[in-house]
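A.B. asks: Give me coordinates for this.
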Amino acid sequence: MTLSGKAEFDEVHINKGVRPVAQHGFVTVERGTLKLLGSDRKVIVSAPMSKVEASKARFTGGKTLAMKVDGTRYTVSPKWGDRAGKLMRPGRPEEVARASEQLLRLIEADGGTVERRDKDARANDLAARDGAARGSDA
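C.D. replies: Numbers count the residues shown, from 1 in each chain. Take a look at the predicted model:
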């Protein structure tokens, strides 16, 4: 997050369904609005956070987000590409996962809907159910 209150993610792989929309796009979060931008920085979609739903996409190890922006489904992988001069190489998995988690937190903090499906959320749910079951046995 910058001092201006704007967060930007670069080298974002953006798909609309199974169709790639941007290989090296951008995602910006500013003043309660999320924008998906193409490689040429043209707006693909823009919506207030109240119209954004996001979760970690299954089977991606937390590296890709499944998003619904203003009713349209997208998959978004921030930091997916890594520039080395004029060369393009795959992003580092730990940086991609970290950027995805950071984007989820920003969406949630600005009023978007975030569904948590990760191991920690499942572990917390199981612990809560276990505690409730023990309490009813007493």
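A.B. asks: Assumed Arg98 was part of a helix.
C.D. replies: Yes. Counting by DSSP: H, G, I helix; E, B strand; the rest coil, one finds Arg98 located in a helix.
A.B. asks: check contacts around it.
C.D. replies: For Arg98, the contact set (CB atoms under 8 Å, 6 or more residues apart in numbering) comprises Lys79. For glycine as for every other residue, the C-beta is placed from the backbone atoms N, C-alpha and C.
A.B. asks: can you tell me how far it sits from Gly62?
C.D. replies: 9 Å (CB to CB, to the nearest Å).
A.B. asks: Could you do Lys79 as well?
C.D. replies: Taken as CB to CB, the span from Lys79 to Gly62 is 12 Å.
A.B. asks: swap in Leu37?
C.D. replies: On the measure of CB to CB, Leu37 and Gly62 end up 23 Å apart.
A.B. asks: Of the two, give the one with the bigger neighbour count.
C.D. replies: Counted by other CB atoms under 10 Å, Leu37 and Gly62 do not tie: Leu37 has more neighbours, with 21 against 17.
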